[in-house]
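In: Provided below for reference: sequence and predicted model.
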Amino acid sequence: MKIESIIVTVAMVAVLPVSSAWAQSADELAFQQLGAALKADDVERQSAIKTCVEQGIGENPAGLAKLMGVPVEQATVAWCARTTNGIAQGKLNWADISALNQGTVTPNAHSVLTTASDGH
């Protein structure tokens with residue numbers, strides 16, 4: 001499965017309300033496939049980081065910049081590199097990403113976001 005289709009799948013299921021155990025397990029399976037693809041192929045991982053940077057992280061990255069210990073202008077690149085690499089390295093799981101989407105920083109996410117990744 002190409003990384004683009006996995007990312008689209010994960011993005012789509014993240015915005016849909018989870019109404020059954022099947023939906024959650026499908027989300028987790030897509031996420032696991034994403035992690036495996038990112039780990040297996042550095043070109044795909046770099047492409048995912050680039051796509052994330054192009055999409056941005058919202059209108060007010062100051063809070064994330066503070067958490068990550070980077071200047072605001074570097075927050076998007078740092079967020080994208082750290083989360084993508086965290087997924088690829090198995091340091092972030094589906095529960096961590098789901099919590100981040102709801103505004104909660106899990107211990108795993110905190111560790112990943114506060115540790116420089118690929119110089120970011």
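Out: Structure's in. What do you need? Numbering: from 1, shown residues only.
In: give the buried residues for the helix or strand hosting residue 44.
Out: Assignment of secondary structure by DSSP states H and E places residue 44 within helix 42-55. Neighbour-count burial for helix 42-55, counted by 16 or more other C-beta atoms under 10 Å, picks out 44, 45, 47, 48, 49, 52, 53. Glycine gets a C-beta too; all of them are placed from N, C-alpha and C.
In: list of residues touching it?
Out: Outside helix 42-55, the residues that touch it by C-beta atoms under 8 Å, 6 or more residues apart in numbering are 3, 7, 37-39, 76-77, 79-81, 83-85, 88.
In: just checking, what packs against the next helix or strand after that helix?
Out: Remark: after helix 42-55, the chain's next helix or strand is helix 62-68, criterion DSSP H and E. With contacts taken as 3 or more C-beta pairs under 8 Å, 6 or more residues apart in numbering; DSSP states H and E, helix 62-68 sits against helix 75-88, helix 107-113.
In: format these as a markdown table; extra columns: mean neighbour count, distance to residue 63 and mean pLDDT.
Out: Formatted as a markdown table, the helices and strands packed on helix 62-68 follow (neighbours: other C-beta atoms under 10 Å; distance: least, C-beta to C-beta, whole Å; pLDDT from 0 to 100):
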| stretch | mean neighbour count | distance to residue 63 | mean pLDDT |
| --- | --- | --- | --- |
| helix 75-88 | 23 | 9 | 94 |
| helix 107-113 | 17 | 11 | 96 |
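In: and of the ones you listed, who's closest to residue 96?
Out: Nearest to residue 96 among the helices and strands packed on helix 62-68 is helix 107-113 (4.7 Å), distances taken as C-beta to C-beta.
In: that closest one - contacts with which helices or strands?
Out: On a contact count with 3+ C-beta pairs under 8 Å, 6+ apart, helix 107-113 meets helix 62-68, helix 75-88, helix 94-101.
In: how about a cut-off of 6 Å?
Out: Contact analysis of helix 107-113 by 3 or more C-beta pairs under 6 Å, 6 or more residues apart in numbering; DSSP states H and E lists helix 75-88, helix 94-101 as its packing neighbours.
In: now do the shortest one: distance to the chain's middle.
Out: Computed by C-alpha atoms, centre = their mean, to the nearest Å, the separation of helix 94-101 from the middle of its chain amounts to 9 Å.
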